[in-house]
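1. predicted model and sequence below, questions to follow.
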Amino acid sequence: MTRKLFVTLPLLLICVACGNNDSGETYNYVTLSAGTLTNGNDSVSDTGSGDGDGDPSNGDGDGDPGGDGDSGPKLDVIGNDEGMATAGDAGDGDGCQKVDFLFVIDNSGSMLEEQDNLAASFPSFINSISSTLDAAQDYHIMVIDTDAWVYAGCPFLCAFPLPGLCVGYECGVTQPAQCEDVLGAGVTWPKGANASNANCNFVNGKRFMTDAEPNLPGAFQCAARVGTDSTDDPERPMEAMAAAVSGVGAAGTCNYDFLRDDAILVVTFITDENDDPGDGSSGNVDTWRQALIDAKNGDESAIVVLGLFGDDDLPNAQCNGGAETSARLRAFLDSWGDRGFFGSICAPDYDDFFQAAVDIIDTTCDDFTPPE
């Protein structure tokens, strides 16, 4: 939900340089219980001195993330409990061994608490995935935001001693430009107000994390704090999602190697804004669905979609006006049947939501037959 700012005319004219360059009633619903929010900021650091553009050709290739980025919580893979079903035990397919996770995170002005909740919930979520999907221990994890904000005008603003302009931009320092202004490109260096403002420096030198990341929770928490400086109105989570998985265009080039044919795809989108075509958001439920199905070569059964957004259109709502509802997002999520799952973005934490989602992911993994 984009916050409107009123500024004096001189300041407004200066800030123009920093703008963007973008030319069925059944619900799967979980009521989340109250919990303690653990802020993961201690796990966020500049984990290296790379250029942060995610281009493998720019990395040092030694696999060392550098810095103190591995001081956060380590991924502790919990052993499979006795009697717990493992991938392939009960499903109709051969079972998956790989999972590609895509997180689509609204970076508008009202999303600070929600980004904190997501970052705090990730360590227990990925631990549960690791312990439940016994045969699937190979992950790709990518974070994207919902706009294509470019810092092209910010070097000019360095000449003006006005605080608050182009927050996160370091005057006199070379900025990562490649892919940073591409809608749907993986986030590697979140910048702006309330962002991590650090080079997350994924160990593989690409725009997504893998299970080989020395500190996977810390790397995710760095990437997931995409900040609250979005200049796009409206937010475009579904358009960004479709671009991210398209495999073509600028986003396809930026996200090279993320999607794998022999992996299931789990998409999680989190936004407190309505996706309104009247405001310029492109696509519809059918085109968004088709984008994911095409990305999986026509195999709809290889896709899980998780959504955190406003719930005031449901009984026992938690938002009570704190987030917009969206009929289009609701219809998109419901179109996936048992493989679509909803949680309220206004819940005090997202732990219960993600724990419930693990079972859906596990079942999808069991039923998956990788292509020959």
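-> Received, thanks.

2. now do the helices in the stretch 251-372 of the chain.
-> Under the criterion DSSP state H, counting those that start in this stretch, the stretch 251-372 of the chain carries helices at the ranges 285-295, 327-334, 351-367.

3. adding distance to C200, mean neighbour count and mean pLDDT, write these out as JSON lines.
-> Placement of C-beta: from N, CA and C, glycine included. Formatted as JSON lines, the helices of the stretch 251-372 of the chain follow (distance: least, Cβ to Cβ, whole Å; neighbours: other Cβ atoms under 10 Å; pLDDT from 0 to 100):
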{"stretch": "helix 285-295", "distance to C200": "24", "mean neighbour count": "18", "mean pLDDT": "96"}
{"stretch": "helix 327-334", "distance to C200": "27", "mean neighbour count": "19", "mean pLDDT": "94"}
{"stretch": "helix 351-367", "distance to C200": "21", "mean neighbour count": "21", "mean pLDDT": "97"}
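
4. out of those helices, flag the one nearest I141.
-> Closest approach to I141 among these (Cβ to Cβ): helix 351-367, 13.0 Å.

5. now for the closest one, which elements pack on it?
-> Contact partners of helix 351-367 among helices and strands, from 3 or more Cβ pairs under 8 Å, 6 or more residues apart in numbering; DSSP states H and E: strand 29-30, helix 112-132, strand 264-270, strand 303-309, strand 340-344.

6. mean pLDDT lowest where, among the ones you listed?
-> Mean pLDDT values for the helices and strands packed on helix 351-367 show the minimum at strand 29-30, a mean of 38.

7. what lines up beside the very next helix or strand once past that strand in the sheet?
-> As assigned by DSSP states H and E, the chain's next helix or strand after strand 29-30 is strand 98-105. Strand 98-105 pairs in its sheet with strand 138-145 (parallel), strand 264-270 (parallel), by DSSP bridges.

8. what's near enough to touch the closest residue to V266 other than its chain neighbours?
-> Leaving out its chain neighbours, the residue that sits closest to V266 by Cβ to Cβ, 6 or more residues apart in numbering is V304, at 4.5 Å. When contacts are counted by Cβ atoms under 8 Å, 6 or more residues apart in numbering, V304 touches I264, L265, V266, V267, W336, R339, G340, F341, A357, I360, I361, T364.

9. what distance do you get for V304 to R330?
-> Applying Cβ to Cβ, to the nearest Å, one obtains 17 Å for the distance of V304 from R330.

10. circling back: CSV for the contacts of V304, including distance to F101?
-> Shown next, in CSV, are those (distance: Cβ to Cβ, whole Å):
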residue, distance to F101
I264, 10
L265, 8
V266, 5
V267, 8
W336, 16
R339, 14
G340, 16
F341, 14
A357, 11
I360, 13
I361, 9
T364, 13
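
11. which among these gets closest to G205?
-> For these, the nearest to G205 is L265 (22.4 Å; Cβ to Cβ).

12. who's in contact with that closest one?
-> Neighbour list for L265: V99, D100, L102, V245, L259, L292, A295, K296, A302, I303, V304 [criterion: Cβ under 8 Å, 6+ apart].

13. of the residues you listed, just say which sits nearest to T188.
-> Proximity of the contacts of L265 to T188 (Cβ to Cβ) peaks at L102, which lies at 14.7 Å.

14. list the residues that contact that closest one.
-> L102 neighbours (Cβ under 8 Å, 6+ apart): M142, I144, M241, A244, V245, F258, L265, V266, V267, T268.

15. so A244 is in which element?
-> For A244, the enclosing helix or strand under DSSP H and E is helix 237-245.

16. mean confidence score for that helix?
-> On average, helix 237-245 scores 94.

17. and it, what does it pack against?
-> Using 3+ Cβ pairs under 8 Å, 6+ apart, helix 237-245 sits against strand 98-105, strand 138-145, helix 249-254, strand 264-270, helix 285-295, helix 327-334.

18. mind putting these in CSV, distance to P371 included?
-> Below are those laid out as CSV (distance: least, Cβ to Cβ, whole Å):
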stretch, distance to P371
strand 98-105, 12
strand 138-145, 16
helix 249-254, 20
strand 264-270, 12
helix 285-295, 13
helix 327-334, 26
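
19. relative to A317, which of the helices and strands packed on helix 351-367 is closest?
-> strand 340-344 (7.2 Å).

20. which elements pack onto the closest one?
-> So strand 340-344, by 3+ Cβ pairs under 8 Å, 6+ apart, packs with strand 29-30, strand 303-309, helix 327-334, helix 351-367.

21. again, only this time at 6 Å
-> Secondary-structure packing of strand 340-344 (3 or more Cβ pairs under 6 Å, 6 or more residues apart in numbering; DSSP states H and E): strand 303-309, helix 327-334, helix 351-367.

22. which one, of the helices and strands packed on helix 237-245, ends up nearest to E372?
-> strand 98-105 (15.2 Å).

23. alpha carbons of the closest one, as CSV, please.
-> The C-alpha trace of strand 98-105 is given here as CSV (Å, rounded to 0.1, in the frame of the first residue of the first chain):
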residue,chain,number,x,y,z
LYS,A,98,14.4,-30.4,-6.1
VAL,A,99,12.2,-27.4,-5.1
ASP,A,100,12.4,-23.9,-6.6
PHE,A,101,11.0,-21.2,-4.2
LEU,A,102,9.9,-17.8,-5.5
PHE,A,103,9.0,-15.1,-3.0
VAL,A,104,7.2,-12.0,-4.4
ILE,A,105,7.4,-9.3,-1.8
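
24. surely N107 meets S230?
-> Yes - using Cβ atoms under 6 Å, N107 is in contact with S230, at 4.5 Å.

25. picking that back up, looking at the strands paired with strand 98-105, which is buried most?
-> strand 138-145 (a mean of 25; mean count of other Cβ atoms under 10 Å).

26. that concludes my questions; thank you for your assistance.
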